[in-house]
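Undergrad: give me coordinates for this.
(chains A and B)
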Protein chains: 2
Amino acid sequence: MPEPHADRRSRLRAHCAGTGSDAALITRPANIHYLAGCAPAGAVLLVGPAEDILVRPGDLPADTAVKHPEDLRLHALSDTGGDPAVAAADLAAAAGAEGLAVEEHHLTVARHREVHSVAPGLRLADLGRAVEQQRLVKDDEEIACLRIAAEIADQALGELLESILVGRTERHLALELDRRLVDHGAEGPAFPTSVGTGPNSGRAAHVPTDRRVEEGDFLTVGLGARYRGYRCEIGRTFVIGAAPDAWQIELYDLVFAAQRAGREALVPGAGYRDVDRAARQILDSAGHGEGLAPWTGHGVGLEIDEDPKLTPAAMGKLDACVPVTVEPGVHLPGRGGVRIDDTLVVRPVVDGGPELLTITTKELLAL
Amino acid sequence: MPEPHADRRSRLRAHCAGTGSDAALITRPANIHYLAGCAPAGAVLLVGPAEDILVRPGDLPADTAVKHPEDLRLHALSDTGGDPAVAAADLAAAAGAEGLAVEEHHLTVARHREVHSVAPGLRLADLGRAVEQQRLVKDDEEIACLRIAAEIADQALGELLESILVGRTERHLALELDRRLVDHGAEGPAFPTSVGTGPNSGRAAHVPTDRRVEEGDFLTVGLGARYRGYRCEIGRTFVIGAAPDAWQIELYDLVFAAQRAGREALVPGAGYRDVDRAARQILDSAGHGEGLAPWTGHGVGLEIDEDPKLTPAAMGKLDACVPVTVEPGVHLPGRGGVRIDDTLVVRPVVDGGPELLTITTKELLAL
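TA: Numbers count the residues shown, from 1 in each chain, chains lettered A, B, ... in the order given. Okay, the predicted model is just below:
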C-alpha cells in the first residue's frame, strides 16, 4: 500500500495534468496537512513537476523542529527569505514546470502578483477547490482519527456531567471541558467550546458568559476534540434540577425528532438539501421555521466546517465515508432552547447505515 | 471629541481620496475591528463613498447578536446572500463610487475576481497596508486596553508561581494559566500559552508537552491576555528547586542583560533594527548568535504579531505610543534555556522613557 500522503499527491498530480498544469502550489494549511501530513506555520507545498517540496518560511527559530514525510523534500528559507509561495514558484520554474495551478480561493491578490513576477514564464492557472474535493470522502485512517476524537469528546462530556453544575459559570464549564479534552489526549478543542445556560441555551456557537447555572435551566454544551489534526463535534442539551418543565420536554422531544430524522436521512446518494429538509421540516411545521440556523449540519475533518454543507440550497449528494454533523436546534429568545449535535459517517444501509461517532446519550437528562 | 472609530474611518477616507479612490473595502478582520469596533465572523466593512456599512454574511443564525457603532449601517445578507465582499462592492457601485480600494494583501484572487465582476464599472485599486499603518501608533484608549491585558497576564502568572509546580506537566500548567487569564477578566489567551520545562525551556512558542517539571529545571512560561480585542505578551524563566546551577545563573544574567539593552533602546526615533541589534549583539558576542530567533520583538495590539518587526533587516523607526515586545532568548539544545519577554509602550525620555506594561519581576526566582 502506498504511503497515504504520497498517494493523495499522486491523485492531485493527475488532476493537474488533466487540466494542463504540471505543478501545483498549495497554500491553504488544511490542504497542505492533507497532502503532506503536516502544515508548519507559514509553509507552502509544491507538488511537482519533478519532486514535491515543503517550503518553510525563514522567520522561525532555528530550533523549531518539523516532522515531515521522508518522500517530501524540505526547503527552509533563510531568515530573509521572504514568502515561501514565491520561493516555491521559483523552484517550480527552475525544475522546468510550465503551468502552475494555484489556490485562487486562498492565495491573496498580492501574493499571486509576486508569484507571477518571480516566474513570469510560468503559466498560472486556478486549481480551484480540487484538494477540498479530494478531502470530502475520508479513508479508514482519517475515520479512525475522527473516531478517537469523538471518543475523547464523549469522555470529557461524560465527566462534566458527573460534577456539580449549579452555581458555576458558562465560562468555567467551558474551560473545564477544554482541560478534560486535553487530559484525554486531544491536541486541543476542535473549535471554541460552547456552554449556554438558561436563556443562552440552544444557541449555535454561543460564546460562554459569566452567567451561572441555575435550577430549572436548560444547559447546552457544544464541544469537540482535535486528534492528529482531525476534528469532531458533539452537542447536547440537559435540564438542571429534579424534573423538566412541560415546555422543556416538548421542545426537547421536537428537536430530538428533527435530529433523528436528519440522521436517518444520511444514506449514500441522498441530496445534501434532502438531509437538511428532513430535519428542518419537523421544526418548521411546529412553528419554529423563523429563527433556525441556515444549516442543519456540515462535513468535518481537518477543519471543523468542511464540505458538504447541509443547507436548503446545497447542491450535491452524499457519498459513503463522508463524515458530517447533524445539529438542529431551536432557541426561544429570552427562554432558551435545545440543540442536539452528532458527528456521523455516511455508510451504506447494507453496512448498517450511518456510523454514529459521538455516542453520549440523547435522552433528556436531568442533572 | 469624535467617536474614535468614526475618526479612524475619516482618516482612512482621506487617505483613499488622496490615492484616487472614493471608497474602500476592508476584509481583514483586525482592520475591520480597528475601524468598526467589532468584527463579526465573515463580515466586511465598506468605507464610503456616502456612508460606512458593515456587511454581514447570511449564514448565521438569526439570533446572533452584533454590537456595532450607531454611525455604521448594518447590512445583513439573506441566507443565500453569498459573499459580503461582493455585496459590498455592489453597494459601493450603487452609491456612485468610482474607485474602490481593496486589501490585496488579504483579498483572495477568487474574491477579487467576483468583486470585479459584480461591479465592472468600479475601478479597483490596492489599499495596501494603509489600515495596518494607521494601527501602528495606539491612542490612549488602546493603550489602556493593553495595560489591562498586561495586568491580567501578570496576575495569572503570579498565581501560578504560588502553586506547587514539581511533577505537573507543561500541558497542565498551560491550561491552568489559560483558566486564570479568563478568571481575571481576559476574553481568552492572546496566543497559545507556552510552557517549557528542562530541555524545552527557552524555546520560542514551544508547544506544551506531557513532560513534567523536575527539580533543577529551567521553566519558561509565555502567555498573554486578550482584553477588548487587544493582546499583550509576557515571558519569564524560572528555576525549579533550591538553588540554580552556575550555568543557569550565567545564562540567565546574559539574556537579562540582552533584554534590558533592548528595552533601553526603545526611544522614539530609534531604528527597528537598532533595537534588535542592542539585544542581539550581547547574545552574539557571548557565542549564542547561531540559534537565535530572527526577531527580538514585534508590535502588539489587535493582533499578537503586528508591525513593527524588530529584526536585523527591518526598515523604519519607532514612534511614541507604539507598543512592542522585547523578547530575546537563548536555547541550548538538550539542556534548555532562557527567554524574557515584556510588552512595553515607546515613550519619549522626557515622559520617563518606555512604559513597562508587564511588571512581573525579572529576578531569577527559584521556585
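Undergrad: CA atoms for contacts and neighbours, from now on please.
TA: Will do.
Undergrad: which residues does A:Val326 bridge with?
TA: With DSSP bridges applied, A:Val326 shows beta-bridge pairing to A:Asp342.
Undergrad: in contact with it, which residues?
TA: By Cα atoms under 8 Å, 6 or more residues apart in numbering or on different chains, A:Val326 lies in contact with A:259, A:262-263, A:296-298, A:340-344.
Undergrad: from those, pick the one nearest chain B.
TA: Nearest to chain B among the contacts of A:Val326: A:Thr296, at 11.0 Å, using Cα to the nearest Cα.
Undergrad: mind listing what the closest one touches?
TA: A:262, A:275-276, A:279-280, A:310-311, A:325-328.
Undergrad: may I ask which two of those residues are separated the most?
TA: Spatial extent of the contacts of A:Thr296 (Cα to Cα) is set by the pair A:Arg280 and A:Thr325 at 14.2 Å.
Undergrad: okay, strands next: where are they in the stretch 101-250 of chain A?
TA: A:123-126, A:188-189, A:194-197, A:218-223, A:225-227, A:230-231, A:234-239 (DSSP state E, counting those that start in this stretch).
Undergrad: so how far is the first one off the chain centroid?
TA: Relative to its parent chain, strand A:123-126 has a centroid offset of 28 Å by Cα atoms, centre = their mean, to the nearest Å.
Undergrad: take the contacts of A:Val326 and keep only those in helices.
TA: Among the contacts of A:Val326, the ones falling in helices (DSSP state H) are A:259, A:262-263.
Undergrad: so the closest residue to A:Ala39 other than its chain neighbours: helix, strand or coil?
TA: Excluding the flanking residues, the one nearest A:Ala39 by Cα to Cα, 6 or more residues apart in numbering or on different chains is A:His33, at 4.8 Å. Of the three states, A:His33 takes helix according to DSSP: H, G, I helix; E, B strand; the rest coil.
Undergrad: give me the residue at the spatial middle of chain A.
TA: Geometric centre of chain A, nearest residue: A:Ile304, 1.7 Å, by Cα atoms, centre = their mean.
Undergrad: for that one, give me its contacts.
TA: A:Ile304 touches A:190-191, A:231-233, counting by Cα under 8 Å, 6+ apart.
Undergrad: which of those ranks first by neighbour count?
TA: Neighbour counts for the contacts of A:Ile304 peak at A:Cys232, which has 36 neighbours (criterion: other Cα atoms under 10 Å in any protein chain shown).
Undergrad: isn't A:Cys38 right up against A:Arg28?
TA: No - at 11.9 Å, A:Cys38 does not count as touching A:Arg28 under the criterion of Cα atoms under 8 Å.
Undergrad: is stretch A:93-102 up against chain B anywhere?
TA: No - Stretch A:93-102 does not reach chain B (Cα under 8 Å from any Cα of the partner chain); its nearest approach is 9.8 Å.
Undergrad: contact partners of that stretch?
TA: With Cα under 8 Å, 6+ apart, stretch A:93-102 has contacts from A:16, A:20-27, A:48-50, A:89, A:92, A:119, A:121-128.
Undergrad: of these, buried ones?
TA: The neighbour count (16 or more other Cα atoms under 10 Å in any protein chain shown) marks A:16, A:21-27, A:48-49, A:89, A:92, A:119, A:122, A:124-127 as buried among those.
Undergrad: so which of the contacts of A:Thr296 is the closest to B:Leu332?
TA: A:Thr325 (46.1 Å).
Undergrad: circling back: can I get the contacts of A:Val326 in TSV including pLDDT and distance to A:Arg212?
TA: What follows is the contacts of A:Val326, written out as TSV (pLDDT from 0 to 100; distance: Cα to Cα, whole Å):
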residue	pLDDT	distance to A:Arg212
A:Gln259	98	28
A:Gly262	98	32
A:Arg263	98	33
A:Thr296	96	29
A:Gly297	97	29
A:His298	97	31
A:Ile340	98	21
A:Asp341	98	23
A:Asp342	98	26
A:Thr343	98	28
A:Leu344	98	32
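Undergrad: neighbour-wise, which of these leads?
TA: Neighbour max across the contacts of A:Val326 (other Cα under 10 Å) = A:Thr343, 30 neighbours.
Undergrad: so what pLDDT did the closest residue to that one other than its chain neighbours get?
TA: Counting by Cα to Cα, 6+ apart, A:Thr343 lies nearest to A:Thr325, which is 4.4 Å off, once chain neighbours are set aside. The model reports A:Thr325 with a pLDDT of 98.
Undergrad: now do the contacts for A:Thr325.
TA: A:Thr325 sits next to A:233, A:296-300, A:341-344 when contact means Cα under 8 Å, 6+ apart.
Undergrad: quick one: A:Val207 and A:Val195 touch, right?
TA: Yes - if you go by Cα under 8 Å, A:Val207 and A:Val195 touch, sitting 7.2 Å apart.
Undergrad: and stretch A:357-367, how far apart are its ends?
TA: Separation of the first and last residues of stretch A:357-367 by Cα to Cα, to the nearest Å is 24 Å.
Undergrad: picking that back up, closest one of the contacts of A:Val326 to A:His75?
TA: Nearest to A:His75, judged by Cα to Cα, of the contacts of A:Val326 is A:His298 at 35.6 Å.
Undergrad: helix, strand, or coil at the nearest residue to that closest one once chain neighbours are set aside?
TA: Nearest non-adjacent residue to A:His298, counting by Cα to Cα, 6+ apart: A:Lys309, 4.5 Å away. A:Lys309 falls in the strand class when you classify it by three-state DSSP.
Undergrad: A:Lys309 - how many residues pack around it?
TA: 22.
Undergrad: cool, and A:Arg168?
TA: Residues near A:Arg168, counting by other Cα under 10 Å: 14.
Undergrad: just list the residues touching the closest residue to it other than its chain neighbours, thanks.
TA: Excluding its sequence neighbours, the residue lying closest to A:Arg168 (Cα to Cα, 6+ apart) is A:Arg212, at 5.0 Å. Shown in contact with A:Arg212 (Cα under 8 Å, 6+ apart): A:166-170, A:197.
Undergrad: ok, A:Gly316 next?
TA: Contacts of A:Gly316 (Cα under 8 Å, 6+ apart): A:271-272.
Undergrad: what pLDDT does it get?
TA: Looking at A:Gly316, its pLDDT stands at 96.
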